[in-house]
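Participant: Let me see the structure of the following:
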Amino acid sequence: MPWKQVEPMEERIRMVMEVQRREWPLAELCRRFGISRKTAYKWLARYAAEGLPGLRERSRRPQHCPHAIALCWCQRIAELRLRHPHWGPKKLLVLLGERYPASSLPAVSTVGAILHRQGLTQPRRRRHRRQITPADQVSFPQSPNEVWAVDFKGWFRTRDGRPCYPLTVSDLFSRYILVVRALPQARYAATRATFEKLFAAYGLPQRIRSDNGAPFASIGAGGLSRLSAWWVRLGIALEFITPGHPEQNGSHERMHRTLQHEAVRAPAANGNAQQRRFNRWRDEFNLTRPHEALAMKRPAQLYQASPRSYPATLAEPVYPADFTIRRVRHCGAIKWQGRQRHIGEALAGERVGLHEMEPGCYEVFFGRVFLGCLYNDDPGGIRSAVRRGVRTAQQMSAPGCPAAAGQPDPLLQTVGKVSPMSPV
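Facilitator: Okay, here's the model as predicted:
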């Protein structure tokens, strides 16, 4: 047999009816219904004042909350959220603290609850985070301009149907975005022109980190392309991530997601309009948007230009005295022991150094970069040091390398200076 279900409203009505019959004293009725005299008097008073509706359950919500947030804060939070629709509670609180320094700010959880109540948030799918072990060749910058990150964000079409390839460069220490350039193609000429303006405005970094795609790298000797060979001539170390591991450049990739949401999701009418949108977004990211990885500081508060100026004239690489020097021809080959030996088109016109490691085997260097080996018994070209990408640790410790032998880096010797330009 099923359990008998008793509703509180029915029990209250029964208790009131029993009291009105006057057959039992109130104390006995309280024992039967399992309530106190105080509760019985409360329900009898409500019945006398309101009738049967007075026996219904009432809300226990307090009529006043002494620590409730003021309505003005709700309006301020909603106004800031509408102005910055992709910012979370932590970033909004930073702006609120700057605008109202004398006020007591609400908690982060309170700001999140206000945004949720006003329908200004959207549920996000929870992602499973796996532990990532960084590769040995990826460095961790400790000062501005120690490592720059460069990449092309995924291309898209503006509303006039033309392709747009956003070239992005950022300083990994300060998260400062140096440039977001809308290029019609991801080619060498346009990329180099952008970097020339960038170096003139901000100076030269110590390293540049990129993926293994064009125009930053190639599958040729040392993984060098024409662009990365130019960086080597400028005395910039190369740091290419492992193929298939974009997490090694994670902070730059995360910046791309913010760029996608705030400046790309609805493309502009044409390339010029898209570039103006990129410029506005870059200014907001560098000057206004607090960054959690920087203890809620702005990137512009930590970044400063590099003391290494962009040279007007590049000096030729200088090799130790026991090296044999050869000039790479326009076809990408050198003349060695009476034969044409292929080195790579990316180094056309450059001087390379050959060092005899053992009889019949010569190591080939371009400045500090170890390209590979030439063998007398092999009439073909150079045997490349790596298949994909450049391993900086291998470059610096390779036998015969000028930097490894304690020699001064010849690529840091430049001739002439240029005056800084306005920011790109």
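
Participant: what ranges do the helices span in the stretch 201-350 of the chain?
Facilitator: Using DSSP state H, counting those that start in this stretch, the helices of the stretch 201-350 of the chain run over residues 226-233, 250-259, 271-287, 299-302.

Participant: and residue 22, which of those helices is closest to it?
Facilitator: Using Cβ to Cβ as the measure, helix 250-259 is the one of those that comes nearest residue 22, at 76.4 Å. No exception for glycine: its C-beta is placed from N, CA and C like everyone else's.

Participant: same for the closest one, what does it pack against?
Facilitator: strand 147-152, strand 163-171, helix 271-287 (3 or more Cβ pairs under 8 Å, 6 or more residues apart in numbering; DSSP states H and E).

Participant: Return the angle between stretch directions for that helix and helix 271-287.
Facilitator: In terms of direction (axes from the mean of the first three to the mean of the last three Cα atoms, to 10 degrees), helix 250-259 departs from helix 271-287 by 120 degrees.

Participant: Could you export helix 250-259 as PDB, CA atoms only?
Facilitator: Below are the C-alpha coordinates for helix 250-259, written out as PDB (Å, rounded to 0.1, in the frame of the first residue of the first chain):
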ATOM      1  CA  GLY A 250      50.400  29.600 -27.300                       C
ATOM      2  CA  SER A 251      50.100  33.200 -26.200                       C
ATOM      3  CA  HIS A 252      50.300  34.400 -29.800                       C
ATOM      4  CA  GLU A 253      47.700  31.900 -30.900                       C
ATOM      5  CA  ARG A 254      45.400  32.900 -28.000                       C
ATOM      6  CA  MET A 255      45.700  36.500 -29.200                       C
ATOM      7  CA  HIS A 256      44.500  35.400 -32.600                       C
ATOM      8  CA  ARG A 257      41.300  34.100 -31.000                       C
ATOM      9  CA  THR A 258      40.700  37.500 -29.500                       C
ATOM     10  CA  LEU A 259      41.400  39.100 -32.900                       C
END
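
Participant: ok, and for it, which residues are buried?
Facilitator: 250, 252, 255-256, 259 (16 or more other Cβ atoms under 10 Å).

Participant: what does stretch 177-190 give?
Facilitator: Result for stretch 177-190 [16+ other Cβ under 10 Å]: buried residues 177-183, 186, 188, 190.

Participant: how near is residue 41 to residue 48?
Facilitator: Using Cβ to Cβ, to the nearest Å, residue 41 is found at 10 Å from residue 48.

Participant: And residue 169, by the same measure?
Facilitator: Applying Cβ to Cβ to residue 169 and residue 48 gives a distance of 80 Å.

Participant: With residue 185 instead?
Facilitator: 87 Å.

Participant: How about residue 204?
Facilitator: 89 Å.

Participant: what does residue 12 give?
Facilitator: Counting by Cβ to Cβ, the gap from residue 12 to residue 48 is 13 Å.
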